[in-house]
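K.L.:
next comes the sequence, and after it the predicted model I'd like to discuss.
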Amino acid sequence: MTKPIIDIIIPAYNEEASISLVLKDIPKDYVRDMVVCNNNSTDNTAENAKKAGATVLLAEKKGYGSACLKGIAYIMAKEVPPDIVVFLDGDYSDHPEQIVDLVRPIKEEGIDLVIGSRALGNLEEGAMMPQQIFGNWLATSLIKLIYGYEFTDLGPFRAIKYNQLLAIEMADPDFGWTVEMQVKAAKFNLKCKEIPVHYRKRIGVSKVSGTIKGTILAGHKILWTIFKLI
């Protein structure tokens with residue numbers, strides 16, 4: 001895999017203040033398409049993404065996973081499929097320039113799925129809430145106990161071979177998206193690796209960890225996803 005075709009999927013809901021920054025920091029000579037899946041935003045997320053050079057899709061069905069699935073469907077319709085798909089959040093908490101590091105194990109080592117681990121990397125103070133850190137620890141501990149795969153994070157910044165992404169048949173429409181991918185990777189015996197990534201405070205308020213309701217719903221869905229796929 002000398003120079004793979006890389007497409008990026010960015011689910012976004014009301015990220016008008018950050019989406020342009022995310023797209024600006026993506027290494028343009030490294031990727032083919034930046035696909036922003038606008039999940040019914042009520043602000044200028046879509047307009048700002050278009051101005052920054054992204055392909056913008058309207059993901060009408062509410063939910064993080066639904067937005068990602070919209071992006072996958074778009075990529076599947078391309079005449080020439082990508083070799084690698086990268087998932088990246090639109091809140092500027094991740095460092096998009098690290099896409100180069102994220103895809104390197106796929107290119108050079110034949111890895112199927114690479115997770116950008118905030119636990120192993122440089123986590124800015126206050127970038128993750130205590131409940132997020134605990135939830136990640138609990139979920140990854142259960143994955144290790146049940147499926148025998150060792151992860152340290154459920155971080156949204158990740159890269160996966162396109163053919164393996166299709167093989168695992170992602171389906172979760174909301175909070176269980178990231179853990180579903182990692183559990184299915186374990187069940188399908190994919191070659192997985194984590195790399196340290198930088199993580200900063202997001203721009204704006206989190207729709208999940210920023211509210212008590214969102215935190216409870218996400219935690220319940222993540223645990224339910226882990227056990228339902230056994």
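P.N.:
Everything's here; your move.

K.L.:
by mean pLDDT, which helix or strand of the protein comes out lowest?
P.N.:
helix 212-228 (a mean of 77; mean pLDDT, DSSP states H and E).

K.L.:
name the residues of that helix that are buried.
P.N.:
Within helix 212-228, the residues scored as buried using 16 or more other C-beta atoms under 10 Å are 215, 218-219, 221-223, 225-226. Placement of C-beta: from N, CA and C, glycine included.

K.L.:
how about those residues in a markdown table, adding distance to residue 64?
P.N.:
Converted to a markdown table, these look like this (distance: C-beta to C-beta, whole Å):
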| residue | distance to residue 64 |
| --- | --- |
| 215 | 14 |
| 218 | 9 |
| 219 | 14 |
| 221 | 10 |
| 222 | 12 |
| 223 | 17 |
| 225 | 13 |
| 226 | 17 |
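
K.L.:
excluding chain neighbours, what is closest to the most centrally placed residue in the chain?
P.N.:
By C-alpha atoms, centre = their mean, the chain has its centre lying nearest to residue 156, at 3.2 Å. With sequence-adjacent residues excluded and distances taken as C-beta to C-beta, 6 or more residues apart in numbering, residue 156 is closest to residue 89, at 4.8 Å.

K.L.:
got it, and residue 52?
P.N.:
Excluding the flanking residues, the one nearest residue 52 by C-beta to C-beta, 6+ apart is residue 23, at 3.9 Å.
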